[in-house]
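Undergrad: Sequence plus predicted model, see below.
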Amino acid sequence: DSGVTQTPKHLITATGQRVTLRCSPRSGDLSVYWYQQSLDQGLQFLIQYYNGEERAKGNILERFSAQQFPDLHSELNLSSLELGDSALYFCASSVGFGRGTWETQYFGPGTRLLVL
Amino acid sequence: GENVEQHPSTLSVQEGDSAVIKCTYSDSASNYFPWYKQELGKRPQLIIDIRSNVGEKKDQRIAVTLNKTAKHFSLHITETQPEDSAVYFCARIRGSQGNLIFGKGTKLSVKP
């Protein structure tokens, strides 16, 4: 167990809908990262938050947004869902925000999203 | 570019043999290289990592080597066991940010 928790474990929804994925980082970690894993694209970085502020953006669609709350948990919001959004969504946490330092990232168990 | 190239994509070995997975990168600012093991449907789990100021690191049957000049790093698993069967991902930290850039993964199968 990495100490990172994610809910829900599974999510089945229809195209056009909106869902929210939740992540709680390890105790003491200030950074949260969101990654998307699909069969054809591998593990892709979406977005990073550090202590409540957005720090880096990757290949995140405009339909997706995230935030980190004062208690450091984070939510990833996916809207106007399409079939191609079906994937495993992982969050990871680390102590700091990277910036070229050597931050170990620990992954949560993931949320499996299926869009029908 | 910023991608990490990982080879091979699949690797099948007999139990007890060694397995080697190699990754190459082009961003010379990268200074942290972790390896993750992912079993089917589970989270990526860190198995070993290496910083750019060392050339090799070992943890029991697992070792990682780094050649910063040639910009490649490799995972070595000795005395493989069936429970080593999984997908292994190499990654590098993006120099200006904190996120990881992953290779495409290597599916390792260890046959008893």
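TA: Good, I have the coordinates. Residues are numbered from 1 along each chain as shown, chains lettered A, B, ... in the order given.
Undergrad: nearest spatial neighbour of the most centrally placed residue in chain A, skipping sequence neighbours?
TA: Residue closest to the average C-alpha location in chain A (Cα atoms, centre = their mean): A:Trp34, at 2.8 Å. Of all residues not flanking A:Trp34 in the chain, A:Leu46 sits nearest, at 4.2 Å (Cβ to Cβ, 6 or more residues apart in numbering or on different chains). (Each C-beta comes from the backbone N, C-alpha and C, glycine too.)
Undergrad: residue contacts, the one you found?
TA: Residues counted as contacts of A:Leu46 (Cβ atoms under 8 Å, 6 or more residues apart in numbering or on different chains) are A:33-36, A:57-60, A:64, A:66, A:76.
Undergrad: For chain A, what's its nearest residue on chain B.
TA: Here the residue of chain B nearest chain A is B:Gly98; by Cβ to the nearest Cβ that distance is 1.7 Å.
Undergrad: Could you check how far the residue nearest to A:Trp34 is from B:Asn67?
TA: 31 Å (Cβ to Cβ, to the nearest Å).
Undergrad: same question, B:Pro34
TA: 17 Å.
Undergrad: Low-confidence ranges, the chain, go.
TA: Using chain A. Low-confidence segments of chain A (pLDDT under 70): A:97-102.
Undergrad: You answered for a different chain; I wanted chain B.
TA: Applying pLDDT under 70 to chain B flags the ranges B:1, B:95-97.
Undergrad: which residues sit against stretch A:52-59?
TA: Residues from elsewhere that reach stretch A:52-59, judged by Cβ under 8 Å, 6+ apart: A:31, A:44-49, A:66, A:68-70, A:72, A:97-98, B:94, B:97-99.
Undergrad: 7 Å instead?
TA: Defining contact as Cβ atoms under 7 Å, 6 or more residues apart in numbering or on different chains, one finds that stretch A:52-59 is touched by A:44-49, A:68, A:70, A:97, B:97-99.
Undergrad: close to chain A, is the one helix or strand B:Ile48 maps to?
TA: If you go by DSSP states H and E, B:Ile48 is part of strand B:45-51. Yes - using Cβ under 7 Å from any Cβ of the partner chain, strand B:45-51 comes into contact with chain A via B:46, B:49, B:51.
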